[in-house]
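Trainee: Provided below are the primary sequence and the corresponding predicted coordinates.
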Amino acid sequence: MKSPVKHEANSKPEPVDEGPVDFERAIELTGNGKFNHLLLLAMLPVCWANVYASTSMSYILPSAECDLELTMVDKGLLNSMSFAGMIITSFAWGFIVDAYGRRKIMVFGFLCTAVCNLGSCFSQASWQLIVFKLVDGIIISGPYAALQSYLAEVHGEQLRAQVYMWMGVGFALGNITLSCLAWLIIPHKWTLGEFLPVTSWRLFLGLCSLPGLVASVALCFFPESPRFLMAKHRHDDALRVFKKIYSLNTGKDPDTYPVKCLEEEETVKITSVTFKQTVVGSLKQIQPIFLPPNVVTLVLTAFIQFGATIGSNTLKLWMPMLFAMLSVYDSKHAGGPSKTMCAKISEVPPPEPTVTGGCSDATVDATVYINSIVISVASVIGYMVAKTLVNYVSKRILMIICFLGAATCCFALYWGEDSRSILGISSVFVALTSIGGTIVNNVVVDMFPTSLRTMALSVTMVIGRLGAVVGNVLFPVLLSLDCLGPFMMIGAVCFACAALVLVLPKKRTSS
């Protein structure tokens with residue numbers, strides 16, 4: 001049974017635009033339907049591949065600790081290498097995506113990510129796994145940048161905000177599915193056939209390559225961005241893409257698409273210049289962002305994002321390891337006197353090799369991964385609550401609440417005793433810092449004029465990823481010196497973020 005809306009669309013022919021039509025008008029006339037829904041479905045493995053690339057290491061640390069002879073510094077490097085790789089190539093990928101297209105980069109990028117993840121499960125030493133994760137971060141940065149552009153270039157202006165919201169849901173689901181996968185795989189023993197044992201963490205890493213592979217295959221069925229094709233003077237190809245999207249969305253013949261000619265846009269004229277001229281022109285264009293008053297806003301928002309990422313992507317990635325250490329303590333001291341989390345962690349010895357020189361089976365309690373699932377679900381609930389509150393509370397006030405609440409949780413976490421209170425506090429902390437970091441990006445959009453907005457977001461995100469690297473490298477160092485250190489560091493950073501929000505300039509409306 002056809003919907004009334006579609007029936008009406010079929011009964012009234014679209015007016016034909018004989019003259020040249022710009023991109024926004026052309027994509028608007030394609031409508032919203034099957035193509036957009038299929039793309040949203042394909043976004044699930046795409047988002048999951050990005051989440052798995054940056055988060056999977058945190059789940060294998062307890063089980064791979066003895067197998068790879070991991071030190072605390074090794075664990076910090078493993079958690080941070082993906083972010084380091086993203087930083088190294090974040091700006092270079094922008095030029096590559098603009099030169100070779102969005103679709104090619106996404107298809108081959110996610111395929112290479114899958115191969116890299118599959119190769120990492122065969123690592124025999126910590127340095128090999130560290131190199132794999134660095135390369136993975138370098139690669140995943142490309143298709144992620146291409147995805148951001150592609151989504152904007154196959155949706156009309158009215159649909160873009162909704163699409164990015166759904167992308168956020170995809171990332172949240174990725175965190176939940178990764179926790180569930182770890183819970184199903186890592187705590188159990190596996191054999192290949194009847195006699196060949198398979199280490200659970202290696203199997204887990206191998207399965208983490210599946211979203212990248214599925215994403216690569218799924219994206220093969222989608223066309224190149226029509227905006228990119230127009231920028232390359234391939235107007236006939238772009239028009240064919242518009243017709244294909246229109247046909248899928250409306251169910252009509254592609255030839256009934258009302259646009260017959262595409263407009264030569266201003267942005268097209270810069271695509272024929274050399275790479276050097278492009279770089280020089282881009283630097284001149286973004287120069288105002290590093291001059292007053294924009295530079296003050298940039299520094300403030302970048303430092304706030306730096307602190308938010310230190311909080312969310314440090315403690316979140318270390319919680320599985322901390323829960324595993326607490327589980328070991330509780331199993332050996334059942335019924336003993338209550339102690340703080342740090343007191344328990346300090347009494348957990350590192351895993352010891354067996355008499356034969358190998359490692360005993362590192363069996364991790366399943367509750368470690370159930371706790372991670374709870375933290376991921378809590379973040380989703382937090383985003384839903386924040387989405388409602390932002391209609392009644394200003395973004396600044398919401399950020400202050402998030403960062404002050406996160407600082408309080410971090411300080412309280414040090415004195416947590418039972419596992420339930422530690423889980424509850426850490427869940428609230430991760431949710432608050434994640435929400436705070438997301439709001440920072442929205443504030444950047446409000447604070448900067450349109451011509452500088454993209455670069456401001458890029459700089460802010462790079463500084464944020466740098467925070468993830470710094471936090472994950474410092475956390476194990478401070479933890480080995482004194483358990484109080486890393487929690488005081490993160491709590492103080494969150495408190496500083498709340499203070500910086502107070503001095504942010506007012507919202508600008510100029511474009």
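Mentor: That came in fine, so what should we check first?
Trainee: V107 contacts L219, doesn't it?
Mentor: Yes - assessed by C-beta atoms under 8 Å, V107 is found in contact with L219 at 5.1 Å. No exception for glycine: its C-beta is placed from N, CA and C like everyone else's.
Trainee: looking at the two, which has the bigger crowd around it?
Mentor: L219 (27 against 20; other C-beta atoms under 10 Å).
Trainee: which element is L300 on?
Mentor: Following DSSP states H and E, the helix or strand that holds L300 is helix 294-332.
Trainee: quick one: residues in contact with whichever helix or strand comes after that helix.
Mentor: Downstream of helix 294-332, the next assigned helix or strand under DSSP H and E is helix 341-346. Identification of contacts with helix 341-346 by C-beta atoms under 8 Å, 6 or more residues apart in numbering yields 322, 325-326, 329-330, 413-417, 422, 479, 483-484.
Trainee: hey, C-alpha coordinates of helix 341-346 in CSV?
Mentor: What follows is helix 341-346, C-alpha atoms only, in CSV (Å, rounded to 0.1, in the frame of the first residue of the first chain):
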residue,chain,number,x,y,z
MET,A,341,39.4,1.6,45.0
CYS,A,342,43.0,2.7,45.0
ALA,A,343,43.8,0.6,48.0
LYS,A,344,42.5,-2.4,46.2
ILE,A,345,44.4,-1.6,43.0
SER,A,346,47.7,-1.2,44.8
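Trainee: which residues are contacting whichever helix or strand comes after it?
Mentor: Next helix or strand after helix 341-346 toward the C-terminus (DSSP H and E): helix 367-389. Residues outside helix 367-389 that contact it (C-beta under 8 Å, 6+ apart) are 59, 62, 168, 172, 175-176, 178-180, 182-183, 186-187, 316, 319-320, 323-324, 327, 398, 419, 423, 426-428, 430-432, 434-435, 438-439.
Trainee: circling back to that earlier point, please enumerate the shared neighbours of V107 and L219.
Mentor: By C-beta under 8 Å, 6+ apart, no residue touches both V107 and L219.
Trainee: where's K252, which helix or strand?
Mentor: Assigned by DSSP H and E, K252 falls outside every helix and strand.
Trainee: point out where the stretch 101-250 of the chain drops to low pLDDT.
Mentor: Scanning the stretch 101-250 of the chain for pLDDT under 70 picks out 161, 165, 193-197.
Trainee: quick one: the strands in it?
Mentor: Assigned by DSSP state E, counting those that start in this stretch, the strands in the stretch 101-250 of the chain fall at 190-192, 196-198.
Trainee: could you pull out the buried residues of stretch 323-336?
Mentor: 323-330 (16 or more other C-beta atoms under 10 Å).
Trainee: thinking again about what came up before, which of the contacts of helix 367-389 are buried? Put it as a ChimeraX command.
Mentor: With 16+ other C-beta under 10 Å as the criterion, this ChimeraX line picks the buried residues out of those:
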select :59,62,172,175,176,178,179,182,183,186,187,316,319,320,323,324,327,398,419,423,426,427,428,430,431,432,434,435,438,439
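Trainee: now do the contacts for V295.
Mentor: I289.
Trainee: immediately after the lowest-mean-pLDDT helix or strand in the chain, which helix or strand?
Mentor: Sorting the helices and strands of the chain by mean pLDDT, DSSP states H and E puts helix 4-11 at the bottom, at a mean of 41. Following helix 4-11 in sequence order, the next helix or strand is helix 23-28 (DSSP H and E).
Trainee: what's the domain layout of this structure?
Mentor: Listed by automatic domain parsing, the domain ranges of the chain are 16-272, 278-332+339-347+364-506.
Trainee: could I get the average pLDDT for the last one?
Mentor: This points to domain 278-332+339-347+364-506. The average pLDDT within domain 278-332+339-347+364-506 is 84.
Trainee: how big is the angle separating the strand or helix carrying T408 from helix 294-332?
Mentor: Using DSSP H and E, T408 maps to helix 395-414. Relative orientation of helix 395-414 and helix 294-332, computed by axes from the mean of the first three to the mean of the last three C-alpha atoms, to 10 degrees: 30 degrees.
Trainee: tell me the buried residues in helix 395-414?
Mentor: The neighbour-count check on helix 395-414 (16+ other C-beta under 10 Å) flags 395, 398-414 as buried.
Trainee: and if you look at stretch 183-196?
Mentor: 183, 185-187.
Trainee: want to throw the residues you listed into a markdown table with distance to G464?
Mentor: Shown next, in a markdown table, are these (distance: C-beta to C-beta, whole Å):
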| residue | distance to G464 |
| --- | --- |
| W183 | 28 |
| I185 | 30 |
| I186 | 29 |
| P187 | 32 |
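Trainee: nearest to C66 among those residues?
Mentor: I186 (14.0 Å; C-beta to C-beta).
Trainee: surely the closest one meets R202?
Mentor: No - counting by C-beta under 8 Å, I186 stays clear of R202, with 10.2 Å between them.
Trainee: between these two, what contacts are shared?
Mentor: When C-beta under 8 Å, 6+ apart defines a contact, no residue borders I186 and R202 alike.
Trainee: from G31, how far out is V21?
Mentor: The gap separating V21 from G31 is 15 Å, by C-beta to C-beta, to the nearest Å.
Trainee: just A145 next, same as before
Mentor: 27 Å.
Trainee: again, but for I96
Mentor: For I96, the distance to G31 - C-beta to C-beta - is 32 Å.
Trainee: same thing with A412?
Mentor: Counting by C-beta to C-beta, the separation of A412 from G31 is 51 Å.
Trainee: check D67 too.
Mentor: Distance from D67 to G31, by C-beta to C-beta: 54 Å.
Trainee: circling back: of A145 and G31, give the one with the bigger neighbour count.
Mentor: Legend: neighbour count by other C-beta under 10 Å for A145 and G31, higher for A145 (25 against 19).
Trainee: how close does the residue lying closest to the more buried one once chain neighbours are set aside sit to G174?
Mentor: Nearest residue to A145 in three dimensions, chain neighbours excluded: W93, at 4.8 Å (C-beta to C-beta, 6 or more residues apart in numbering). Using C-beta to C-beta, W93 is found at 21 Å from G174.
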